[in-house]
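> with the sequence up front, the predicted model follows.
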Amino acid sequence: MTIERAEVVVTSPDRNFVTLQITTTDGVTGLGDGTLNGRELAVVAYLREHVVPLLIGRDERNIEDTWQFLYRSAYWRRGPVTMAAIAAVDVALWDIKAKVAGMPLYQLLGGASRTGLLTYGHASGKDLEELFDSVRDHQEQGYKAIRVQTGVPGLTSIYGIASNATFDANAGVRYDHEPAQRGALPNEEDWDTRSYLRHVPTVFEAVRNEFGPEIPLLHDGHHRMTPIQAASLGKSLEPYDLFWLEDVTPAENPEALRLVRQHTTTPLAIGEIFNTVWDYQQIVREQLIDYVRSAVTHTGGITHLRRVLDYAAQYQIKSGMHGPTDISPVGMAAAMHLGLAIHNFGIQEYMKHGARTDEVFRQSFTFVDGMLHPGEQPGIGVELDLEAAAAHPYEQAYLPYNRLADGTVHDW
Ligand code: EZ4
Ligand code: CO
């Protein structure tokens, strides 16, 4: 059998998702996620115009060959659009292979290395009272590890705070924790690193006093600091024993992490905007990080992310796969199968999707006591309801951006 057709489905139940559905001549279907938050239609065009025509008639069993063909024959390698498109094809082909084998995908990847995946959820609040409520709410939902983000006095709107979310009357949902907002233009947020650096350690002190020493706590710096500022933050957070501190400096410059590393023992995570193993080459070899943040969806699929994680394993670096709501249920399922199979699993970020999304994507995973499991359905365990998907057409949405007090654009 061969690939008979491949459709790119764009749907916007609670937010935009790009899904590739590949169908073989035997009628087996596979799904892959190609969602690139705020730039979705670039991946749609890349797939529809330049990838789908190349897939028709190919032997769907040759996943590695298809991966190498799409990566090398384009000549213009890497980049988020290319690698999300290749990821969508790769995961769809793994889904088909596992369905044909009659096994959940993790079995084809070597079987389960653990009983479930430790997750972390996103607690946030504009002040401590709101934050504590949010931490308690996450604990009640079962989360055993929690990311902590708060407002900073003097700043009106910053990354990671659910209370900044706007109510979308059309969709009838709050975009809690979801930074991309529907609309024709990106929202502007404000930023001041000195205020942030003064405030964050006081927040972690308060959270440890309230919730005790046991609970794993995480924090995302979202690319905003210089190396010396990041080093200072890492040091000032050492008493609060973070599970990780994420994206302290802009990800383009791996050398920045050398300086941070020299000054602090706070574990570091990076990579949600990386696309290939080449982005990790130096920081893994020099042991500048502790966790790999890449998502299957943004790193060329199962085939390539596994390569990254096997490389990282040589240095005791673990997975911390990106799992915001902009990774679709298809991308999350792929992450769960990979995370269950690899030896160097660390933690899985998990934000729940909205009810409308769950109607469009029927899923087999379970979330019990803070642990995810992909389930035992053959394939990745997700089916796309095309009718439900068609009821939610694409709506333009952008991630926000930052300006400093004097108007200078800053990293977001
Ligand atoms: O801002 O996925 O750790 N999580 C994050 C995310 C990213 C969004 C961008 O689309 O940094 O919230
Ligand atoms: Co992040």
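Everything's here; your move. Ligands and ions are numbered 1, 2, ... in the order given.

> buried sites along stretch 50-62?
By neighbour count with 16 or more other Cβ atoms under 10 Å, stretch 50-62 contains the buried residues 51-52, 54-55, 58, 60. In short, each C-beta sits where N, CA and C put it, glycine included.

> which residues are in contact with it?
Residues from elsewhere that reach stretch 50-62 (Cβ atoms under 8 Å, 6 or more residues apart in numbering): 1-6, 8, 22, 24, 30, 66, 69-70, 73-74, 85-86, 89, 93, 96-97.

> sorry, back to before: now the buried residues of stretch 50-62 as CSV including secondary structure and distance to ligand 1?
Putting these into CSV (DSSP: H, G, I helix; E, B strand; the rest coil; distance: Cβ to the nearest ligand atom, whole Å) gives the following:
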residue, secondary structure, distance to ligand 1
Val51, helix, 22
Val52, helix, 25
Leu54, helix, 28
Leu55, helix, 27
Arg58, coil, 31
Glu60, coil, 30
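
> before we move on, the earlier item: got a quick ChimeraX command for the buried subset of the contacts of stretch 50-62?
Selection of the buried residues among the contacts of stretch 50-62 in ChimeraX, burial being defined by 16+ other Cβ under 10 Å:
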select :3,4,6,8,22,24,30,66,69,70,74,85,86,89,93,96,97
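
> residues touching the nearest residue to Met103 once chain neighbours are set aside, list them.
Distances taken as Cβ to Cβ, 6 or more residues apart in numbering place Pro378 nearest to Met103, at 5.9 Å, with adjacent residues excluded. Taking Cβ under 8 Å, 6+ apart as the criterion, Pro378 is in contact with 98-99, 101-104.

> among those residues, name the ones in strands.
The strands, defined by DSSP state E, take in nothing from the contacts of Pro378.

> filter these to the buried ones?
Buried members of the contacts of Pro378, counted by 16+ other Cβ under 10 Å: 98-99, 103-104.

> okay, buried residues for stretch 139-155 please.
By neighbour count on 16+ other Cβ under 10 Å, the buried set for stretch 139-155 is 139, 143-152, 155.

> just put these in CSV and tack on secondary structure, pLDDT and distance to Asp247.
As requested, the buried residues of stretch 139-155 are arranged in CSV below (DSSP: H, G, I helix; E, B strand; the rest coil; pLDDT from 0 to 100; distance: Cβ to Cβ, whole Å):
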residue, secondary structure, pLDDT, distance to Asp247
Gln139, helix, 97, 25
Tyr143, coil, 98, 21
Lys144, coil, 98, 22
Ala145, strand, 98, 17
Ile146, strand, 98, 17
Arg147, strand, 98, 12
Val148, strand, 98, 15
Gln149, strand, 96, 12
Thr150, strand, 96, 17
Gly151, coil, 95, 19
Val152, coil, 96, 17
Leu155, coil, 94, 18
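
> closest one of these to Asp192?
Using Cβ to Cβ, Leu155 is the member of the buried residues of stretch 139-155 that lies nearest Asp192, at 6.1 Å.

> quick check, the residue in the stretch 151-300 of the chain closest to ligand 2?
For the stretch 151-300 of the chain and ligand 2, the shortest gap (Cβ to the ion) falls at Asp220, measuring 4.3 Å.

> show me what that residue bridges to in the sheet.
With DSSP bridges as the criterion, Asp220 is bridged to Glu246.

> next one, pLDDT for it please.
If you check Asp220, the pLDDT there is 98.

> what do you get for Glu178?
With respect to pLDDT, Glu178 has a value of 78.

> in this structure it contacts Lys352, no?
No - counting by Cβ atoms under 8 Å, Glu178 does not reach Lys352; the two are 11.3 Å apart.

> what is in contact with those two at once?
In terms of Cβ under 8 Å, 6+ apart, Glu178 and Lys352 are both contacted by the residues Thr325.

> which one's more surrounded, these two?
Glu178 (22 against 13; other Cβ atoms under 10 Å).

> now do the contacts for the more buried one.
By Cβ under 8 Å, 6+ apart, Glu178 lies in contact with 15, 165, 324-326.

> and which of those is nearest to ligand 2?
Comparing the contacts of Glu178 against ligand 2 with Cβ to the ion places Pro324 closest, at 7.5 Å.

> quick check: closest non-adjacent residue to that closest one.
In space, and not counting its chain neighbours, Pro324 is closest to Met351: 5.6 Å by Cβ to Cβ, 6+ apart.

> what strand or helix carries the residue nearest the centre of the chain?
Centroid-nearest residue in the chain: His322, 2.6 Å away (criterion: Cα atoms, centre = their mean). When elements are assigned from DSSP states H and E, His322 belongs to no helix and no strand.

> mind checking how far it is from ligand 2?
To ligand 2, His322 is 7 Å away according to Cβ to the ion, to the nearest Å.

> these two touch, right, that residue and Arg293?
Yes - using Cβ under 8 Å, His322 is in contact with Arg293, at 5.3 Å.

> excluding chain neighbours, what is closest to Thr156?
If the residues on either side of it in the chain are set aside, Thr156 comes closest to Asp190, at 5.9 Å by Cβ to Cβ, 6+ apart.

> residues near that neighbour, how many?
Counted with other Cβ under 10 Å, the neighbours of Asp190 add up to 15.

> who's in contact with the residue nearest to Phe17 when sequence neighbours are not counted?
Leaving aside its chain neighbours, Phe17 sits nearest to Ser328 (4.3 Å; criterion: Cβ to Cβ, 6+ apart). With contact set as Cβ under 8 Å, 6+ apart, Ser328 has these partners: 17-19, 33, 35, 297, 357, 361.

> among those residues, who's most crowded?
Within these, neighbour counts (other Cβ under 10 Å) peak at Asp33, which reaches 33 neighbours.

> how near is that one to Val89?
Distance from Asp33 to Val89, counting by Cβ to Cβ, to the nearest Å: 11 Å.

> shared neighbours, the two?
Residues touching both Asp33 and Val89 (Cβ under 8 Å, 6+ apart): Leu20.

> identify, from the buried residues of stretch 50-62, the entry nearest to ligand 2.
Within those, the smallest distance to ligand 2 is 27.7 Å, found for Val51 (Cβ to the ion).
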